[in-house]
Structures are given as structure tokens and as C-alpha cells.
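Colleague: Okay, here's the prediction I keep looking at, along with the sequence it came from:
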Amino acid sequence: MKADYSPVDVESSAQAFWAAQQSFKAVEKPGADKFYCLSMFPYPSGKLHMGHVRNYTIGDVISRYQRMKGKNVLQPIGFDAFGLPAENAAIKNKVPPAEWTYSNIDTMCGQLKQLGIGYDWDRRLATCEPEYYRWQQWFFIELLKRGLIYRRNSRVNWDPVDQTVLANEQVIDGRGWRSGAIVEQREIPQWFLKITAYADELLAEVKQLEHWPEAVRRMQENWIGRSEGLEIDFTVAGRDEKLTVFTTRPDTLYGVTFVSVAAQHPLALEAAARDATVAAFVDEASRGDVTEAAMETMEKRGVALGIDVIHPLTGECIPVYAANFVLMSYGSGAVMAVPGHDQRDWEFAVKYGLPIKAVIAAAGLPSPPGRGAGGEGVAEPAIPAREKPRLPDPLRSLARELRADQTDAEQYLWSLLRDRRFGGHKFRRQHPAEPYVLDFYCHEQKLAIELDGGQHNEDAHARRDAARDAFLAAQGIRTLRVWNSELFSRTEDVLGFLWEALASSEAPSPPAPLPGGEGRQAPDLSAAAFTEKGITINSAEFSGLDFKAAFDGIAAKLEAQNAGRRRVNYRLRDWGVSRQRYWGCPIPIIYCTDCDAVPVPADQLPVRLPEDLVPDGRGNPLLRLDSFVNVPCPQCGKPARRETDTFDTFVDSSWYYARFASAGCQTGMVDERAAYWLPVDQYIGGIEHAILHLLYARFFSKLMRDCGLPAVAEPFKRLLTQGMVLAEGFYRVTDAGGRDWINPKDVDKTADGSHVLKATGEAVTAVGLGTMSKSKNNGVDPAAIIDSHGADAVRLFMMFTAPPEQTLEWSDAGIDGALRFLKRAWRLVADHAALGATEPLDRAALTSAQKDIRRKLHDQLAKISDDFGRRHNYNTAVAACMELVNALAKFEDRSPQGRAVLNEALSALVRVLSPIVPHAAHELWLALGNATPVIDAEWPEPEADARVSDSIAMVVQVNGKLRGQISVPAGSTQDAIIAAALADETVQRFLAGAAIRKQVVVPGKLVNFVV
RNA sequence: GCGCCCGUGGCGGAAUCGGUAGACGCCCGAGACUUAAAAUCUUGUGACUUCGGUCGUGCCGGUUCGAGUCCGGCCGGGCGCACCA
């Protein structure tokens, strides 16, 4: 081997070796422990950028590690090859998208090979290949047969100048990206997949995915957004027609003062036909882009339709408004407006002078306590009124103080309990073992007091509270609930109640019914809506109920009247898969005037996409290609038209993981090999796919299972969400008003902080940090750094610079350090190998310096193995390798056993580095005298005996501040540790003249003296 | 606007279960080698300091013997919001 590290030679020879040996060809071996490692496939945008390098290096590191752990590994690669950027490139360069795409794929494959990623290249695929998409077309027809696909109208962005449908990305501030025209919304027929039919299963199973990041699971749950509510019918006044609304707050039904419908709602359209004001509003609402984000951020506006509906319980006449914030696609496109208890409705009512009614009061007792009707259903809080409020003396004065200062009940009660030692007991705010915040907790009495304002309706709170309550129950802790407001309104009752509860260790007295709604204080609605759940008031026979009782009561009554029904609603909408684009997988449908939409017969698949068209930005060129469009109807043979819409590219990427496992299968979408490889054991990809792609892929897996294909319910067992690689973005405005994105390498920063084009000095606009993407042209191409530093240094630097899940602002500062480390390690092995073979290690004959270096080695191996196997924190694994190299470089013992120890260490070092820097490790491993390649070597495991040490370093604190460090023999008793701590000079200085109130000993860590 | 995540030296980051804040690396300073430079090696490097210490993890508060870590509230940044992939 060469004495100095030369990445170019090392990398090309290792890559040649792997190619010649077919080292990464995956073969199904029944019975062998398989490991399917998949990084999200890239869009072939041209060249790799640093985000790709990060993604594919992580996948390769995991794959190579698992192989060393004895797994039969599959690591494939492919390309998500259909999509908009190819059409944009075609518009710009007048080159067919196919040609551009295939050439990009070639470039990127070359770069991936240069990086030394261990793919089974025989399984490579691209979604734009007919061999791939024919099965997608086949599957569409299967789903159509099973009733899981339907067609309906839905809205798209329409550019009236270019006469074309725009993607959301192509709409900038409500205008078309090329034409600058104000975008309109159009309704066109589109195909939909019934993902809502799987909403429950998708929701239930996402909770079970224990190896997925918590954040992703939460985002998916929120996205599916299951809510239980009521569908309520309002009769349109003077007609035999109903307006149906969905609400999750039927307890506020008596507070409805108007009803809002979407601008596209039939009632709004009907009113628009006769009223110019309404027509103008509907027209205006149909401009701008269709995204939810745009809807939510715009000014909330509306218009009265001149239509009334009848309240199903009160019989009142209620006006109907069209409002621009109501979504036609959620629920029924209509909502009952309760301005008293919904903030958006409140703002709307204030703006348009509509009445605001209070029908919910804060929970807690009315003041003064009354004896109203309808007490049932209110289970808590329940503090019995005291017959004769006879409090012990100190409590009576406390009660007076408490009532006098009605500012912050919680603060007040806390100072009461803490400082005055209420009832002689010590209170704290947390359980010592668990971090749940309890308002007040007394450990001796196992009694928790929860001070409640009646809120906590949000999911996160409710979840946390439920977990806390379960914990308290398991610990046998009594929980008393006290309403905030009661602390002031019934001070004596509350204090007496707490007093008695503390005095006895019995459960508190059974709840007494609370009085009803009459006399209850209505909330102040002058500044904002009261949105908490509370107790109903002004709601006829439903007054005085809590949320659940009011919900149940009102639901039962409406159901009896046939004016409402319980319904589970989802935020999740069915998945529209039609795209009015050329560069996508054709939807295999033929439209016949007699037979309607007819699926293309199986023997005519695939419907091939012509690959020589060049889109010009004015609609789908397929529309103008008669040879594609004009076909006979497969059923009746009459002239018919072929569907020119193509699939959403999310469809392409929803099943590619299964196709990899059945690569090249000619007889079906997947074959039995999928049953061997699936599920994917480790999936790696950007956090930006946390919701849509992952949800759609999970959905497809279930669809495939239900169609009897070899598939699994959940396709991805473990998920690693890689953080984005960010770079600054710059653009200049083109003559047409569009944006021309400039690569950061072509931009200079001027002295005043503005940015200019390097070549011309022309000013450019900076948009700040964002992910590296083709559309923003801010990708950093790794090619130059690979040339100057080598692939291994790039891989090492990528893994070292940050943990995989963290967002990373790209900078190559530090890449020199990666190369420097490789050179050091190389020299260490080269010097060692030059001295020839070593003796076997004799563990019994080692000097203490030799034992020390072995302890260091095996400690670091334990850390590195944990980082690889469990944490996926390769940055700290690399740091441990660096520390090891630093220690080995200082180890100058060249005695036979010294060299044996060094040999053991270098052998382990090369192996643990090999997943990250496979080329250098390949050659170093051979230099250490091994016959088989390092990719097939065994992962080195730490040796427990080598890690045993006879002394332990501990720190000594006084009042939590570091004051000294001691070394004690392993296995010392607490007393011996404390004695050693007290002997420390600095510690003595800080303890001088003070009595030690408490001493805390954390074994193996520290001693803390509290004075 | 809503949902999810993240804020630690000049920089990237470490501190894994509430227990020594700043591991490892970059940059920078000093020294060795060299005619010189590069490379390499050694060494220093949070701030302040009366050299005893004090302060310090976006901000404000809380819990704890002890908080970067847990809780509440702000501020800032990123991702997603259904036609970018």
C-alpha cells in the first residue's frame, strides 16, 4: 500500500472491485435474515445536490452496517422520473422531457457510483418507463373495478392567458408564473381515490408504528383529523329543502345566530344568480389560488345571501351568509356560526353586526349558588356545600385573605399550601418520580389537587392529562379537582373540603349534584369568544349540562326529530389523482359518448406516453395529438376520446418500494419476492415527506394487500426522517414578471448586504434559507468537492457535521478536517503494517498502559455500536473514532504485545469506519492482512472485561455547584464516597461553617451537599 | 392562519434517563520542522475576573438538592398545508 492517502486511486480500485464481484447484488435467501434498506428515490433534476448526498450516504451507512451484522441486505435505487420540472425544462430549452429526464438519470447514476453507494444496480427503475407504469395503469383499473375510484368535479388553478391549469407552485401571489395573469378557479372533472375509506385504519395503525419518529406520527394523526360531531339539518325557510351543517360543538347549538356556507355552495350560487352583490362576492372568491394556506391567511369576508333557515330546536329564522373561509371540501361546505363560542365566527359577527349569544359559561358554581333545574350529567368538579361552614381558626382567616385578593387563584393557593404548610403537610408541584405537572401534590398523603379552569379541550392537553391521570391512578394517588372560579366563589367550602380530605386518608365524600344553568355567570364576550368547553346556559332544557351531557342530549333530540345524526368526520379528503399534464403516467381510460368512461382493456396496456412531445406552457400537448386522443371505444367500437390527464406523481412513488422487491417482473405488479423483502426495514427520507408521500404509500400498501397482492399492511417498519439541507435562494424578475432563480455560486454579497449577480453586477432578490431544490436552483453540486477531497471525505464530512435528523445549513467549512482525519488514520495503519504481522494478543500479559488503551478502545466501540445500531447519530460515532485515532497516535509501545494491542485497535477502527468511508477502509483492511473484503467482515463488538476499571471519577457539588472532583475505588460504599468528597480541599472551603442539610449521592456520577 | 420541529462559543456541533455545559472538528493564535512556504507535529482558545471566583445553552417565569434537558408563556428560524417532489 502507499504510505500516503490518495483518494482517486483508492476509490476507483475499490469501486472496480465491487463491480467485478457484484458485491451488492441482492439475492432472496429463504430463511436468511433480510434487511431492506431504502432511501427515498430522487427526482432526476440534473445533478445530485448535498441533500441527496446526505440521504444516500445515510442509507449506505445503514446498509453496510447491517451487512456486517450478518443481514442479507437489499439496497436499491430508482428515479421518480415524471413531473413538472421536466416540462419546465422543455419550455425553456425546447427539448422533450423524456430526453432531458433520461440524460439526467445517467448523470445522477454516475455521481451515485462515484460516491460508492452500494446499490443493487440490476434493480434500478424509473417511473417514466412503460415497464413500470403499465402496472400502475393495471392497478388503477383493478381499483376502479372495486369501487375505490370515482370521478367528480374539483377545483384547479386556471391561467386565463396561457389557457392552462397551473400547479400551486406556479401561482405566485395569486398570479400565473409565466403570464402574470390573475389566476381563476375552475371546476373540472377529475379522478379520486377513496383514501377516506381507509382513514380509520390509517389512523389506528400509525399509532402502532413504534419505530417512526413521534413528530411524524403526530403530523399524520392531525392530517387525518378524525373528529366526532353532529350533522344538523336546518330547513330553508319557505322551502322543502335542507341545509346540512357539520359541527363538533353541538353543545353550542342554542348560540347559533347565522349559518355560513362556502362561496361555491349551491345556495350561494343560487343567490348569486339573482343578486349582483352576492354574484360579485362569489366571483371574487373564485380568484386567487386554491391552497388552504392562502384561504387561511386572507381577510375573512362574507355576504348575506338573503336566505333564511329555521333553527331545528328553537324555530328561529337565521340568516345564511356566504363566507370566503368556509371550505367546500370539508364536511358539507356549510357551518353553523356560533359567534359567542368560536373566535372566527365572533370576528365575522363583529364585522357584520350580527348578534352574539352566550350559551356556555365557565364551569364551576354559579354565584350565588342556586338550586336550578337539570343537575344530572355534571360529574365533576363536585365539592359538597358545607352545611355549616365551621372552619378551624387559621383557615377562616386564610379564606378571608384568599377572597380579598382575587387575582391569581393558583398562585395564591400555592403560596398558601407551600408557605403555611396547609394542614401541616408539605406540598410540591411535581411527583418526585414522574415529570407530570400537578398543580399541588402532597407525597405523604398521596393526594393531588388539580386546579382547573375547565379548559384543556385541545388534543395535546387532553392526551397529557389522560397520561397523568393514568399514572396517578396506578400509583394509588387520590386526585381532588377544584375549579378555579370556586376558589373565590366558595372559598370556605373549598378550603374545608381540602382540610377534611387531608385529615382523613379516605376518599373524599361522594359528589353532590351541582345546580343548573340559571344564575350562572355568562362569560364576557365583548373582547373575544369564549371557546372553552363549560356548562350550557340559555339553552332551554339543555341548560346546566357539561359538554358531553349537552352533546348527548341535543344529539338524541335531533335524531328523534330526524333533524340530525351523529357523524365521524375526517379532515382527510379523497385523493385527486388527475393532472392536466403531459409528462406523467397516462390514466388508462377512454371516453365514449355512449359507454361513458371505459377502462382500457388489460391486453392493451400499457397506454404508452409519446416521448417526443415538447410542451410550450399552453396546455397539455397530448390534447393536440390526434393519434393519441382518437381511439375506438373498447366496448362499442365507435370513435371515442382517450383520457389526456396523467397521474399525480405521488401515485408513482406510492408503490415503488414494492416493485424494487419484484424487480423486472413481467407477469404482474409484484411477485412473491415482495413477500420475502417487505416490509422495508429502514426507510430514509426528508422530513418534508412526513405527511403526504408516507400517507399515500401506506394507503397503497393496504390497497395492494386488499387486492390480494403479496404486500404488507404497513410498508415501512423503521423511518428515519433526515433534516433538510438548506441554502440561500436568489432570483431576479424576468421581463414577463416571472422569477428566474440564480444558483448561489453565481451570486456575490455586496458591502451593504445586498446581493448581485457575479457576472453582470445586476441586483438579485434574496429569499433567505430554504431547502436545496431544483425549482429554486440553489442546489450545491458535490462534484467539485469529490474531485478535490474524494468521495470518502465528502461522506465522512456529511456524517460528521450534524446528526441525520437535524436541519443543516450547508457550508463546506470543515471538509478539510475530514480529509485530514483520513490521512492520519491511513498513516497510522500504513506505519503499523510496514512493521509486519503481529503476535496473538495475550490478555493476561498486558502492561497497565496497554490495558488503558484497550479500555479506551472497547469503551469507544461500545459507544460507536450504540450510535450505529440504535441512535443513528453518526456524528458522535465519528467523533469517537477521531478520539481513538488521537489516542492510538500517542501510543508508541512497539513491543510485541504493544503491537498486538495496536493491531486489535486498528482492525476494529477500520471496520467501524468502513460503512462511512468504504473505499479507504477497503484498502486498509487488506493492508492489515485480511483476505476477505471488509464489506463481509464482522462488526467488532466491545469486550466487557476490557472495559473494567478499578477507579471511578466523581464530582462534588455544594448547593448544586461544582466544587471538586474525586476518584474513588470501584464499588465504594456511599459512606466512603461521602468521606472522600468531604476530604476535598475546595469542598471543605465551601462547607466551612455551614451545617449540611442534605446529601445526594448519584452512584458513579456525583455527590451534592446542600447547606 | 393552522399543524409539526428546532434555537448551546467566532462556526458545525457534544452533553443518550434531570447530574462536570462546550466532547469531536473547523477557524484563529503561539511554537517545532523548513532557506521559505505548504504539509505535518506540539500547544492554547466561552465571557468577565480583584485569579478567590462570578456569569453563561433565544427571552420571561415555574418545578427540583440540581434544569441545555421537565412544565407554562413569549420571540426567532425551518418543514408541511393536498397540482413542487
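Modeller: Thanks, I have the structure now. Numbering: from 1, shown residues only, chains lettered A, B, ... in the order given.
Colleague: which intervals of chain A have sub-threshold pLDDT?
Modeller: A:363-440, A:442-445, A:450-471, A:475, A:480-520, A:736-737, A:750-753 (pLDDT under 70).
Colleague: Taking the centroid of it, which residue is nearest it?
Modeller: A:Val216 (2.8 Å; CA atoms, centre = their mean).
Colleague: what about the helix or strand where that residue lies, distance to the chain center?
Modeller: Secondary-structure assignment from DSSP states H and E places A:Val216 in helix A:214-224. Relative to the centre of its chain, helix A:214-224 is centred 6 Å away, using CA atoms, centre = their mean, to the nearest Å.
Colleague: Just the buried residues of that helix, please?
Modeller: When neighbours are counted by 16 or more other CB atoms under 10 Å, the buried residues of helix A:214-224 are found to be A:Val216, A:Arg217, A:Met219, A:Gln220, A:Trp223, A:Ile224. Just so you know, the C-beta spots here come from the backbone N, C-alpha and C atoms, and that holds for glycine as well.
Colleague: swap in stretch A:959-978?
Modeller: By neighbour count, and taking 16+ other CB under 10 Å as the criterion, the buried residues in stretch A:959-978 are A:Arg963, A:Gly964, A:Ile966, A:Val968, A:Ser972, A:Ile977, A:Ile978.
Colleague: Identify the farthest-apart pair in those residues.
Modeller: Between all members of the buried residues of stretch A:959-978, the longest pairwise span (CB to CB) is found for A:Arg963 and A:Ser972 and amounts to 19.2 Å.
Colleague: How many neighbouring residues does A:Asp945 have?
Modeller: As a burial measure, A:Asp945 scores 9 neighbours (other CB atoms under 10 Å).
Colleague: So for stretch A:118-130, what gets flagged as buried?
Modeller: Residues of stretch A:118-130 classed as buried under the neighbour-count rule (16+ other CB under 10 Å) are A:Gly118, A:Tyr119, A:Asp120, A:Trp121, A:Arg123, A:Arg124, A:Leu125, A:Ala126, A:Thr127, A:Cys128.
Colleague: Just the ones of these in strands?
Modeller: Counted as lying in strands by DSSP state E, out of the buried residues of stretch A:118-130, are A:Leu125, A:Ala126.
Colleague: In TSV, list the buried residues of stretch A:118-130 along with distance to RNA strand B.
Modeller: Compiled in TSV, the buried residues of stretch A:118-130 are given as follows (distance: CB to the nearest atom of the strand, whole Å):
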residue	distance to RNA strand B
A:Gly118	23
A:Tyr119	18
A:Asp120	22
A:Trp121	21
A:Arg123	19
A:Arg124	16
A:Leu125	14
A:Ala126	11
A:Thr127	8
A:Cys128	11
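Colleague: Dump the buried residues of stretch A:118-130 into TSV; add distance to A:Ser103 as well.
Modeller: Shown next, in TSV, are the buried residues of stretch A:118-130 (distance: CB to CB, whole Å):
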residue	distance to A:Ser103
A:Gly118	25
A:Tyr119	20
A:Asp120	23
A:Trp121	18
A:Arg123	21
A:Arg124	15
A:Leu125	17
A:Ala126	12
A:Thr127	16
A:Cys128	13
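Colleague: And the buried residues of stretch A:118-130, which is closest to A:Arg795?
Modeller: Distance ranking of those against A:Arg795, using CB to CB, places A:Gly118 first at 11.9 Å.
Colleague: Tell me if I'm right that the closest one and A:Pro918 touch.
Modeller: Yes: here A:Gly118 reaches A:Pro918: they are 7.3 Å apart, a contact under CB atoms under 8 Å.
Colleague: what's the overlap in contacts for those two?
Modeller: The overlap between the contact sets of A:Gly118 and A:Pro918 (CB atoms under 8 Å, 6 or more residues apart in numbering) consists of A:Asp60, A:Arg64, A:Ile935.
Colleague: just to revisit the earlier point, if we take the buried residues of helix A:214-224, which one ends up nearest to A:Val901?
Modeller: In terms of CB to CB, no member of the buried residues of helix A:214-224 lies closer to A:Val901 than A:Val216, at 44.8 Å.
Colleague: Next, find the distance separating the closest one from A:Gly723.
Modeller: From A:Val216 across to A:Gly723, the span is 13 Å (CB to CB, to the nearest Å).
Colleague: what touches both of these two?
Modeller: Residues touching both A:Val216 and A:Gly723 by CB under 8 Å, 6+ apart: A:Ile687.
Colleague: Name the residues of stretch A:662-671 that are buried.
Modeller: A:Ser662, A:Ala663, A:Cys665, A:Met669, A:Val670, A:Asp671.
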